[in-house]
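*Asks:* any chance you could fold what I've pasted below:
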Amino acid sequence: MGMMRFGVPASGPMDRLAHAAGQVALGRPMGGTAIEISMGGLELVCESGEVTLSVAGGDFQVRHAGACAPSWCVRTLRASEVLSIRPGRWGSWAYLAFAGDLDCQRWAGHSATHAASGLGGGMLAAGAAVVVRGAQVLEDREGELPVPALAHARSLAHVVPGPQTAHFGADVMATFLREPFAVTAACDRMGMRLAGPALPLTGALSIPSEPIVRGSIQVAGDGVATLLLADHQTTGGYPKIATLVSSDIDGVAQLRPHERLSFQPVSAQEAVRLARAHAQARQQYLAGIALPRGTLNERLMRENLICGVVFCHAPSAP
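*Replies:* Next comes the predicted model:
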């Protein structure tokens, strides 16, 4: 954060809620270092030691020690066990966090990786070693994590029109807000190009470059819209037809290629209301999963597993 004036975007997780959920479920700070997993998946073998970890984000197929696990969960990985995370029914990004500190590089005071340059914590490759220092086993946090509605992929996103609506005719704006678009295969951490009706421009390349934020929808000279995401460039000169409300960005980032996306316009005041409501729901969810569940014995004692008489023989006559 705070580096845009030097041409450096904030980067960080594509799905900020899922990343935060994985951290707080382990009792760690929300901004901690985790591994971001794309639809390419990930497989890890625990070579030594043991550590509790969490998986959150999308609906990925998780296998731990040869058995299926919930896609949002807290587990403990032990020596010789294998953890596999593969794409499931929906979602493009998942997060793997550890009860310990990942040994990785830091740049500009943070481990977040800018994918295009490789600056930051770094990209994982086959055969790479992942070292967790101060690894802990947290039996009282193991189990399945609830998946809130606000964590799902969003096919309808709220947008505030502008700031360069003057470069689009009224009919073009109406088309943008009426017709659905589709995510193309040209999508990565920097942004996603959208397939749909052309959005012709007036004076397309005549505006000076200006700051860009995550969620900006810019339209190039070919009339194709691009939604900018975590690793977006910090300035640009293409007109921006609209900006996503911040609370919808994570859900839109979870869309996969060929999935549909439509836009609903809101005023700036309504955008603030939506963002505040989302922030409150997010805070309540994270506070709920941040609490330890207790050890297995403690959980069994809390449950009323045996209650009352379930069967009784009639007494025998004297």
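*Asks:* would you double-check that A18 falls in a helix?
*Replies:* Yes. Assignment of A18 by DSSP: H, G, I helix; E, B strand; the rest coil places it within a helix.
*Asks:* test my guess that it contacts A253.
*Replies:* No. When contacts are counted by Cβ atoms under 8 Å, A18 is not listed as touching A253 (9.8 Å). To be clear about C-beta, it is placed using only N, CA and C from the backbone, and glycine gets the same treatment.
*Asks:* right, and H64 touches V74 too?
*Replies:* No. In this structure H64 lies outside contact range of V74 using Cβ under 8 Å: 10.8 Å.
*Asks:* between these two, who's got more neighbours?
*Replies:* V74 (26 against 19; other Cβ atoms under 10 Å).
*Asks:* any idea what that one is bridged to?
*Replies:* With DSSP bridges as the criterion, V74 is bridged to S54, G143.
*Asks:* need the contact list for it.
*Replies:* The contact partners of V74, by Cβ atoms under 8 Å, 6 or more residues apart in numbering, come to A25, L26, T52, L53, S54, L138, R141, E142, G143, L145.
*Asks:* do that again at 6 Å, thanks
*Replies:* V74 makes contacts with A25, S54, R141, E142, G143, as judged by Cβ atoms under 6 Å, 6 or more residues apart in numbering.
*Asks:* okay, the second one: pLDDT?
*Replies:* S54 is assigned 98 on the pLDDT scale.
*Asks:* and the pLDDT for the closest residue to V82 other than its chain neighbours?
*Replies:* Here the nearest residue to V82 in space, its sequence neighbours aside, is V45; by Cβ to Cβ, 6 or more residues apart in numbering that works out to 5.3 Å. pLDDT recorded at V45 is 97.
*Asks:* then L119?
*Replies:* Confidence score, pLDDT, at L119: 88.
*Asks:* what about it, how many neighbours?
*Replies:* Neighbours of L119 under the rule other Cβ under 10 Å: 16.
*Asks:* check the gap between it and C73 for me.
*Replies:* 31 Å (Cβ to Cβ, to the nearest Å).
*Asks:* same deal with H278?
*Replies:* Look at H278 and C73: by Cβ to Cβ, they are 24 Å apart.
*Asks:* same question for R154.
*Replies:* On the measure of Cβ to Cβ, R154 and C73 end up 23 Å apart.
*Asks:* correct me, but G223 touches A198?
*Replies:* Yes. Contact criterion Cβ atoms under 6 Å: G223 and A198 qualify, at 3.8 Å.
*Asks:* between those two, which one's more packed in?
*Replies:* G223 (15 against 12).
*Asks:* just the element for the more buried one, please.
*Replies:* Using DSSP states H and E, G223 sits within no helix or strand.
*Asks:* contact partners for it?
*Replies:* By Cβ under 6 Å, 6+ apart, the neighbours of G223 are A198, L199, P200.
*Asks:* show me what contacts A290?
*Replies:* V24.
*Asks:* any idea how far it lies from G12?
*Replies:* 20 Å.
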